[in-house]
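J.: Sequence and predicted structure are below.
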Number of protein chains: 4
Amino acid sequence: MCRWLAYSGSPILLDELLYKTRYSLIDQSRHSRFGVETTNGDGVGVGWYGQDGAAPALFRGVGPAWGDLNLRELSGAVSSPLFLAHIRASTGTPVQQTNCHPFRYGGWLWVHNGLVRDFERLRRDLMLAVDPALFPAIVGSTDSEVMFYLALTFGLRESPVAAVERMAGFVEETGRRHGVEDPLQMTVGASDGEQLWAFRYSSEGASRSLFFSTAVTALRELYPENPRLQGVSDETRIVVSEPLGELVGAWQPVPESSYGVVRQGDDALGDFRPRMP
Amino acid sequence: MCRWLAYSGSPILLDELLYKTRYSLIDQSRHSRFGVETTNGDGVGVGWYGQDGAAPALFRGVGPAWGDLNLRELSGAVSSPLFLAHIRASTGTPVQQTNCHPFRYGGWLWVHNGLVRDFERLRRDLMLAVDPALFPAIVGSTDSEVMFYLALTFGLRESPVAAVERMAGFVEETGRRHGVEDPLQMTVGASDGEQLWAFRYSSEGASRSLFFSTAVTALRELYPENPRLQGVSDETRIVVSEPLGELVGAWQPVPESSYGVVRQGDDALGDFRPRMP
Amino acid sequence: MCRWLAYSGSPILLDELLYKTRYSLIDQSRHSRFGVETTNGDGVGVGWYGQDGAAPALFRGVGPAWGDLNLRELSGAVSSPLFLAHIRASTGTPVQQTNCHPFRYGGWLWVHNGLVRDFERLRRDLMLAVDPALFPAIVGSTDSEVMFYLALTFGLRESPVAAVERMAGFVEETGRRHGVEDPLQMTVGASDGEQLWAFRYSSEGASRSLFFSTAVTALRELYPENPRLQGVSDETRIVVSEPLGELVGAWQPVPESSYGVVRQGDDALGDFRPRMP
Amino acid sequence: MCRWLAYSGSPILLDELLYKTRYSLIDQSRHSRFGVETTNGDGVGVGWYGQDGAAPALFRGVGPAWGDLNLRELSGAVSSPLFLAHIRASTGTPVQQTNCHPFRYGGWLWVHNGLVRDFERLRRDLMLAVDPALFPAIVGSTDSEVMFYLALTFGLRESPVAAVERMAGFVEETGRRHGVEDPLQMTVGASDGEQLWAFRYSSEGASRSLFFSTAVTALRELYPENPRLQGVSDETRIVVSEPLGELVGAWQPVPESSYGVVRQGDDALGDFRPRMP
């Protein structure tokens, strides 16, 4: 099991969220409070967009996040308006850079918490369904990466929510064909550099935790004296596996089987319904 | 904080103790039950003696023990009559191979759980006291390694218990000179390939846990049906930071401020009294 | 491009061949003399059989061989009658443990020097041809590993030479279908713990170098005074990408498009002819 | 032996110099042309100043530079007006992050190519001369780091050239006291974020190569058509262990036993004369 975090808003130094919050992501690598596993020490990664529309950059380390000095340095030096970070607890696949999230394809980033059950048995069928033109880009061995390439195959770049629903439907169908009960467990974060999608779903209807931050304008009314809240833009949103602090009213759970979109203008929340591609 | 284990007895595959016990050392790397920290993910090491009197060999990995595939392979292929293993939770010094235990000098191995408090401030004075002929052999940056070289300086090879008592006395004296309260916290395992010493001490009189296995002959009487106990030699002993299983009567705590020696013939237990070198 | 070495004979410490020869494999990691690339710094591995018929053990490191302290320690402590070692120079796939040779399946080991040209484009078709029951065992991303699983699919365990010929034929056919000229370049070493096979082949008829050691009995006649030669059994053979020393008459090139078998009784050499599975 | 590079000028993406030049530093990690060793595969590091006066950030990797994906990503995403980069070929000390250059203290960065001869024997005396207040900051085991802390001890922050001369004098004096011939071999780069110093010196008067780029204004006259030269500011300077390209007139060797300063206004070049502290 893993933990992840996504930020969209005024450009901030990465370490503001990765290190400096009450229950920061890096802190969660050693002591997760909400997770199935309390330790997420099998790698760490962050992908960040610049302010210039270039493809996002990646940093991925194979050691525990809490001891990664390069990540700490980088996080104190790099600002970004949109980034995704992930700490990994392997569910069996090797601890190596190519298995660290975020995964990237073109301008897209993808992070995942959860698993495809019995992935070893399903892997071949899932990989065969990936568009042959995308196949060479799969360089790791995780379920999460195959899920990403299935979503890309099913139209992530054109119609993100429908594509992820098709991916989920296909994984479930494949699982059932192999006699796997409850094949899919996931929270997923994805972005193209402009919008940010978050998905919460599991075949068994008991998905891993996922939260999004309350609109900053609402929070400012609640806490007019809080300087942190005054400094960020109205559009700022954070999506996280577990809350980064204890500010009452600051975090909302993403409902079961639903998705959210963070974007300029109004954000949106909707039902997530797996379907066949 | 760390965890360690030492074995002396009939040659066994390393994985018998590192992986296959109920609460194995590798299991403790993720979920320690007795430790101050529950995660010991900052490196792992094992040093083992062969049956030929050669200098001991070392394996040290910088990642978490639970994910170290080389250690797992090695442990299933290498047998030894005497070995020390260690999992690390850094108390501030870098995660790197030269900071992983065991430390080795000539035919000696050394593992440590605990810390020299305010080591940064004491480090220079402690290093200056190391025999200049030994100084070049210090290649890491931990308190544990400096403690080992101080013990060597003070006669570890000639009179092990007295030398470790002098080391402890010197560390405490140096600490007090710098205004450090309770400078030393330690359980230490050391061996020259023939005997195995275990020390439990702390300035504050509240030392980290340490256990040794009950004599096998006594255990066999208690559990005449247990095949594991029949297979090992009468001389077999294990010293551990925390028990490897729940067999009643199998584990005895090492008393506060004391040491034990495992050797051919009768083992011994005695008081540990820091003294000035 | 890579370098590899295989040994079969009297049990010896691994470091006898890995470190102590004139042009040892570890020395080749920094200064190869025969290779296309002079540096082979993208990982190292050794797989060794014990004397008890157990599955072989593996050590694989991702750093340059010349600086791997664990390999040096291990090599000085582990003896084996049959082992394969490999140093890697990546042809594009990531530097990670799962891409380090030897690859292992059950009791089999496999090392490869060379490449499948345009592997990115061929990879999907090659992977699809792997027996679905073997597919989950593919955990890395190299051409070499896929070649191994194709050979296993085509009968490596029953008829090793024919299976490798089928693998080569299938890779060439797949390459040609995709318009790849000269798809395959390889020297391969493989063993089941009893016999040792070496293959030298390339589509273009200009294969990477491969040598085997002259029969020890012949060498002893040439060099009656050499103590090294007196110490090893008559059956001892070494296969290497490049000679480990300059003893005249000690090394024979494996001919183009041929294979050799090292086994108890007479060794054998034969033509290698790719064929369709 | 190592290679390094320092840049001062208009802010540029790090990869402009680290990857995109004809003989880039990363290329030199595999095939150095001027070095004693042709491979510099024992680690890599870069330290860069931002545009805000904050302390410089570090990235240091222990694998070969040519395969470091994080460095490649970072270099394509981070711009800096002043940075130092280094690739390492160990002269015996361990390959670990704390031994990778640049070393940093406060706002200062330090890179070194060369060695203190017989450093093992001199190390204790050299470390004892380090200001006790600075001593705890030494976390690695290289000669280069001790040289840095000696220079800091002798006034690097107040009078950089004199301090480095005192460091060199002290190393030579210490070496001679121990009977070491030609104790010091060095090219050193250092910066406080505003100025950049380069030193070339060796006890034997045969120092490792060091070059600085010709003034851009002079180059523009020579190559009026070269777009690269038009894009950078007049103040831009590069100091390198070996030239990054073959543009005639673009690179000047730093003379034996001399130093240079790159700064706003006129740069300066002077004699380097070791002296006792």
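T.: Happy to help now that I have it.
J.: got the residues of chain A near chain C?
T.: Within chain A, the positions near chain C by Cβ under 8 Å from any Cβ of the partner chain are A:93-94, A:96-98, A:120-121, A:123-124, A:127-128, A:132, A:135-136, A:139-141. Every C-beta, even on glycine, is put in place using the N, C-alpha and C of the backbone.
J.: can you confirm residue A:11 is in a helix?
T.: No: remark: residue A:11 does not belong to a helix; assigned using DSSP: H, G, I helix; E, B strand; the rest coil, it is strand.
J.: Could you report the separation of it from residue D:76?
T.: From residue A:11 over to residue D:76 the distance is 18 Å, taken as Cβ to Cβ, to the nearest Å.
J.: same deal with residue A:58?
T.: Counting by Cβ to Cβ, the gap from residue A:58 to residue D:76 is 10 Å.
J.: of these two, who's got more company?
T.: Neighbours per residue, other Cβ atoms under 10 Å in any protein chain shown: of residue A:58 and residue D:76, the larger number sits with residue A:58, 23 against 18.
J.: The residue located most distally from the centre of chain A sits in which helix or strand?
T.: Within chain A, residue A:225 marks the point farthest from the mean C-alpha position, 31.3 Å out by Cα atoms, centre = their mean. Counting by DSSP states H and E, no helix or strand carries residue A:225.
J.: Now it: phi and psi?
T.: Backbone torsions of residue A:225, given as degrees, to the nearest 10, read phi -90, psi -10.
J.: now the strands for chain A?
T.: According to DSSP state E, chain A carries its strands in the segments A:3-13, A:44-49, A:57-61, A:79-87, A:103-105, A:108-116, A:184-191, A:196-202, A:211-213, A:237-240, A:251-253, A:258-262, A:268-271.
J.: In chain A, mark out all the helices, start to finish.
T.: Assigned by DSSP state H, chain A shows helices spanning A:14-18, A:25-30, A:69-77, A:119-128, A:143-153, A:160-177, A:216-222, A:227-231.
J.: Is the fifth one in proximity to chain D?
T.: Right, helix A:143-153. No: against chain D, helix A:143-153 shows no contacts by Cβ under 8 Å from any Cβ, the least distance being 15.4 Å.
J.: Find out how far that helix is from the centre of the chain, if you would.
T.: Chain-centre distance of helix A:143-153: 13 Å, with Cα atoms, centre = their mean, to the nearest Å.
J.: Determine the set of other helices and strands touching it.
T.: In terms of contacts (3 or more Cβ pairs under 8 Å, 6 or more residues apart in numbering or on different chains; DSSP states H and E), helix A:143-153 is packed against strand A:103-105, strand A:108-116, helix A:119-128, helix A:160-177, strand A:184-191.
J.: cutoff 6 Å now
T.: Other elements packing on helix A:143-153 under the criterion 3 or more Cβ pairs under 6 Å, 6 or more residues apart in numbering or on different chains; DSSP states H and E are strand A:103-105, strand A:108-116, helix A:160-177.
J.: quick one: the second one to strand A:184-191, angle?
T.: Spelled out, it's strand A:108-116. Angle between the axes of strand A:108-116 and strand A:184-191 is 170 degrees (criterion: axes from the mean of the first three to the mean of the last three Cα atoms, to 10 degrees).
J.: Neighbouring strands of strand A:108-116 in the sheet, and parallel or not?
T.: strand A:103-105 (antiparallel), strand A:184-191 (antiparallel) (DSSP bridges).
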